[in-house]
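# Pasted the sequence and its predicted model underneath.
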Amino acid sequence: MTAPDRTLRVFETFESAVRPLTLSEFAEASGMPISTSHGILQALVRRGYLYLTSSRKDFFPTRRLYDMAAKINAHDPFLELLTPRLRALRDATQETVIVGKRQGETIVYLAVLEGPQLIRYSAKAGDIKPLYSTSIGKALLSTLSASALRAWVARTQLAAITEHTLTSREGLQHDIEEARRKGYAVTRGESVGDVYAVATPVSVNHDLLGIAVAGPKHRLEGAIERAAQQLLAVRADIEGGPA
């Protein structure tokens with residue numbers, strides 16, 4: 001595990017624990033040795049990212065990382081432009097709205113605005129998903145030329161994520177070609193078994209992102225076309241210029 005991995009593991013451990021931790025509790029929860037844990041926790045205390053509770057035995061994060069992240073997020077070159085449209089799309093569809101970007105052979109979620117429904121698709125910014133089993137991934141793949149798409153499909157291993165994942169090369173290629181024709185891609189339980197999603201590629205600040213609407217099968221199955229048209233309208237609004 002590299003030094004950056006260890007630092008990130010600290011905050012992921014506190015995220016999971018959601019309470020102060022002693023050194024030994026932290027080491028056990030993080031899987032790092034006591035000596036390593038002690039060194040990295042003390043360094044973060046000195047930098048103001050962690051503090052010791054009044055007992056002087058428990059560690060817990062300060063708001064420094066939160067405030068830093070909020071400041072960075074407020075100036076994100078993509079989200080500054082997209083956030084008002086994403087909120088409007090979420091409110092119109094009543095489903096979860098996701099922004100993702102291709103990162104190698106995966107999609108990384110840049111933003112997730114969860115829908116207001118009690119039963120909804122839940123995810124987090126930073127989640128990483130396969131290209132071929134997600135609506136955003138298929139939407140971005142649909143922007144490739146026909147020859148580039150054929151080459152990508154031919155070299156990619158299509159492992160089943162769920163029982164509905166398209167693992168046939170011919171089936172996946174046909175699905176992506178259909179997405180190119182329509183302007184949007186659909187997944188039907190291919191990434192999460194009971195979740196449907198529809199996504200479209202969007203050019204933002206000379207970069208390519210995907211925006212998706214995702215929700216449980218029982219609600220979205222009969223609303224794919226309506227959600228797709230709402231997505232395409234948002235795409236036209238974004239690519240047409242600022243609000």
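Received, thanks.
# Please, where are all the strands along this protein?
Listed in chain order, the strands of the chain (DSSP state E) span 21-22, 50-52, 58-61, 96-103, 106-113, 128-130, 185-188, 195-204, 207-216.
# Tell me what Leu21 is bridged to.
Phe59 (DSSP bridges).
# With mean neighbour count and distance to Thr156 added, can I get the strands of the chain in JSON lines?
For the C-beta atoms, the positions are set from N, CA and C on the backbone; glycine is no exception. Converted to JSON lines, the strands of the chain look like this (neighbours: other CB atoms under 10 Å; distance: least, CB to CB, whole Å):
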{"stretch": "strand 21-22", "mean neighbour count": "17", "distance to Thr156": "41"}
{"stretch": "strand 50-52", "mean neighbour count": "17", "distance to Thr156": "42"}
{"stretch": "strand 58-61", "mean neighbour count": "17", "distance to Thr156": "39"}
{"stretch": "strand 96-103", "mean neighbour count": "22", "distance to Thr156": "13"}
{"stretch": "strand 106-113", "mean neighbour count": "20", "distance to Thr156": "12"}
{"stretch": "strand 128-130", "mean neighbour count": "16", "distance to Thr156": "9"}
{"stretch": "strand 185-188", "mean neighbour count": "24", "distance to Thr156": "16"}
{"stretch": "strand 195-204", "mean neighbour count": "24", "distance to Thr156": "19"}
{"stretch": "strand 207-216", "mean neighbour count": "24", "distance to Thr156": "18"}
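# Figure out which of the ones you listed is closest to Ala69.
strand 58-61 (11.5 Å; CB to CB).
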